[in-house]
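**Q** Could you look at this predicted model? Sequence included:
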Amino acid sequence: AVFPAMKGVLLCVLLALCALASAKKDCEVCISVLNKIQELAGKDVENTEVVEAKLMQFCKTARGKDHRFCWYIGALPSSATYILKEVSGPLSRHLPVEIACQRIKKKDAQICDLEYTNMDSDEGEGVESVEKPISLKGLDLDKEKVKSLKRILQTKFNDPCKGCVEKADFIKRIKELGKDEL
């Protein structure tokens, strides 16, 4: 029999592990992007203008969820909001990116809702996360939805397949572009 006090300690440890695991997934994209920005800024991370410039530079080529994150914080010309100061400030003060993301989350909760996934929809914009590569090997294209086929074309081949209308057109184009991998 386990002592009653040990049960309480064991329960606390288990809850702490669960909280840590969920926190790791929380703000996944934010943490990833801010780590990349810190690397890009290097020694100049203490200068907020440099951090903002590196963030803007990164966001010009960002894709998928990173692009969506850039849009949320105002680092893109089409962004509706502008909270770059709230991003660059904590980084310039050497605040851990996890804490910086939690502070940014207070400004815009959607930022921490972003997660990297293989076949995740990005509200139908055809933009996909490039973080986790898609493998065509063993993938039955006939069983995939058109939305997934569009994402594969956009992500893997950077091809919007403008002339594609039906599912067969998308499958044909994927087979043309990915003939080495299939």
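**A** Received the coordinates, thanks.

**Q** Name the residues of the helix or strand containing Ser88 that come out as buried.
**A** If you go by DSSP states H and E, Ser88 is part of helix 84-92. The neighbour-count check on helix 84-92 (16 or more other CB atoms under 10 Å) flags 84, 86-88, 90-92 as buried. Quick note: C-beta positions are derived from backbone N, CA and C, even for glycine.

**Q** just the angle between the helix or strand following it and helix 84-92, please?
**A** The C-terminal neighbour of helix 84-92 among helices and strands, as given by DSSP H and E, is helix 97-107. Put simply, helix 97-107 runs at 160 degrees to helix 84-92, going by axes from the mean of the first three to the mean of the last three CA atoms, to 10 degrees.

**Q** which strands and helices sit next to helix 97-107?
**A** helix 28-41, helix 84-92 (3 or more CB pairs under 8 Å, 6 or more residues apart in numbering; DSSP states H and E).

**Q** Would you mind identifying the helix or strand in this structure with the lowest mean pLDDT?
**A** Lowest on mean pLDDT, DSSP states H and E among the helices and strands of the chain sits helix 4-25, with a mean of 56.

**Q** wouldn't Gln110 be in contact with Tyr72 here?
**A** Yes. Assessed by CB atoms under 8 Å, Gln110 is found in contact with Tyr72 at 5.9 Å.

**Q** which one of those two has more residues nearby?
**A** Higher neighbour count among Gln110 and Tyr72: Tyr72, with 23 against 11, using other CB atoms under 10 Å.

**Q** what's around Ile73, how many residues?
**A** 24.

**Q** Tell me how far it lies from Leu34.
**A** Remark: distance between Ile73 and Leu34 (CB to CB, to the nearest Å) = 10 Å.

**Q** so what sits against both of those two?
**A** Val87 (CB atoms under 8 Å, 6 or more residues apart in numbering).

**Q** related to what we said a few turns ago, how far does the helix holding Ser88 sit from its chain's centre?
**A** Offset of helix 84-92 from its chain centre (CA atoms, centre = their mean, to the nearest Å): 19 Å.

**Q** go on, stretch 60-72?
**A** Distance, stretch centre to chain centre, for stretch 60-72: 8 Å (CA atoms, centre = their mean).
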